[in-house]
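Student: With the sequence up front, the predicted model follows.
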Amino acid sequence: MEKYKATPEGYMTVGEAAKKMGVTVRTLQYYDKEGLLSPSSESEGGRRLYTDKDVIKLYQILSLKHLGFSLDDIKNRLISLDTPTDVASALTEQATAIREKIENLSASLKEIETLKVEVLQMQSVDFKKYADIIVNLQMKNEFYWLIKHFDDKTLEHFRSHFDKDTGMEMMETITRLLDEAIKLQKDGVSPESEKGQSLAKEFWKMLMEFTGGDISILPVLMEMKNINGPDNEWAQKQAIANAFIEPALGAYFTTLGYNPLEEGEK
């Protein structure tokens, strides 16, 4: 007498289903226990029986697991597969998840390749700077490459005074003021004019916010004008902007009656 009757037509045993999808029987038993994939039927002898529909659902689970989703996430993403529309919706959702994963992986690869370039340009191993560079790359901060030029004191100041949002706002302000200075320079506006002094006042205010009033950080920032970026345009842009900003600040300090930069050097 055979131990089990023949498998009903249209069904497969847990072993057959596992073999078909290249997983272990234990995996299918675990998915059943976790409520991810239960067999469609059970034989008189108590064997779990699966169908082709179960295999398709298993394919969904394995695909989502391969993409890095947790089992809880997969539970929430699984939908019924009773109609062609259901199947198409499942495939659409999987395609969307795959595209998102590809985009994230592409972004991560770009960040790694960029960090590698920065690491090779640095003179020593500095994991804090590496972390700062990665964070700024993830923030889409185009000035990430400046980090390797700052000393520990300056970087620690930035870490303690700026978060993601305020840091980006400050960089946007700096970029805007540099662009305005370049425009005024090209338009032939005098640094001592009302427009020039308005820019100087705002630029100095920005520097005080950027440094938190710590004048000792200013020399480090001033050296940024001699640094070139990966696009080889930073130093040129700085030179044009500073040709206007420096005399504008000089005139502004004259109206104040003292030069804060000179005071900071004492």
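Tutor: Right, received. Where do you want to start? What you see is a predicted model; the values in this text were computed from it and never measured.
Student: Now do the longest helix seen in the chain: which elements does it pack against?
Tutor: The longest helix of the chain (DSSP state H) is helix 84-121. Contacts defined by 3 or more CB pairs under 8 Å, 6 or more residues apart in numbering; DSSP states H and E place helix 84-121 against helix 52-66, helix 127-138. C-beta here means a position set from N, CA and C on the backbone, and glycine is covered the same way.
Student: how about the ones you listed in JSON lines, adding mean pLDDT, mean neighbour count and distance to L218?
Tutor: Shown next, in JSON lines, are the helices and strands packed on helix 84-121 (pLDDT from 0 to 100; neighbours: other CB atoms under 10 Å; distance: least, CB to CB, whole Å):
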{"stretch": "helix 52-66", "mean pLDDT": "84", "mean neighbour count": "17", "distance to L218": "52"}
{"stretch": "helix 127-138", "mean pLDDT": "87", "mean neighbour count": "16", "distance to L218": "20"}
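Student: Point out where the stretch 101-250 of the chain drops to low pLDDT.
Tutor: Applying pLDDT under 70 to the predicted model, the residue ranges of the stretch 101-250 of the chain that meet it are 222-226, 228-229, 231-232.
Student: all helices of it, in order?
Tutor: Taking DSSP state H, counting those that start in this stretch as the test, the helices found in the stretch 101-250 of the chain are 127-138, 152-161, 164-186, 194-211, 218-222, 234-256.
Student: ok, and the closest non-adjacent residue to F162?
Tutor: Computed as CB to CB, 6 or more residues apart in numbering, the closest residue to F162 that is not its neighbour in sequence is M170, at 6.4 Å.
Student: That neighbour and M208 touch, don't they?
Tutor: No - the criterion here is CB atoms under 8 Å, and M170 misses it with M208 at 11.7 Å.
Student: Am I right that D54 is in contact with S40?
Tutor: Yes - with contacts defined as CB under 8 Å, D54 counts as touching S40 at a distance of 5.6 Å.
Student: thinking again about what came up before, which residues touch the residue nearest to F162?
Tutor: Counting by CB atoms under 8 Å, 6 or more residues apart in numbering, M170 makes contact with 162, 206, 209-210.
Student: I'd like to know how far it sits from F210.
Tutor: Distance of M170 to F210, given as CB to CB, to the nearest Å: 6 Å.
Student: Same check on T92?
Tutor: T92 is 47 Å from F210, where distance means CB to CB.
Student: So which of the two has more stuff around it?
Tutor: Comparing T92 with F210 by neighbour count (other CB atoms under 10 Å), the higher total belongs to F210, at 20 against 10.
Student: which residues does the more buried one contact?
Tutor: Neighbours of F210 in contact, by CB under 8 Å, 6+ apart: 170, 174, 221.
Student: want to throw those residues into JSON lines with distance to G188?
Tutor: As requested, the contacts of F210 are arranged in JSON lines below (distance: CB to CB, whole Å):
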{"residue": "M170", "distance to G188": "29"}
{"residue": "I174", "distance to G188": "24"}
{"residue": "L221", "distance to G188": "27"}
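Student: From G212, how far out is the residue nearest to F162?
Tutor: Taking CB to CB as the measure, M170 falls 11 Å from G212.
Student: N259 and E246 touch, don't they?
Tutor: No - N259 sits out of contact with E246 when judged by CB under 8 Å, with a separation of 11.8 Å.
Student: Around the closest residue to G212 other than its chain neighbours, how many other residues sit close by?
Tutor: Setting aside the residues directly before and after it, G212 is nearest to H161 in space (CB to CB, 6+ apart), at 5.4 Å. When neighbours are counted by other CB under 10 Å, H161 registers 15.
Student: How about E209?
Tutor: By the other CB under 10 Å criterion, the neighbourhood of E209 contains 15 residues.
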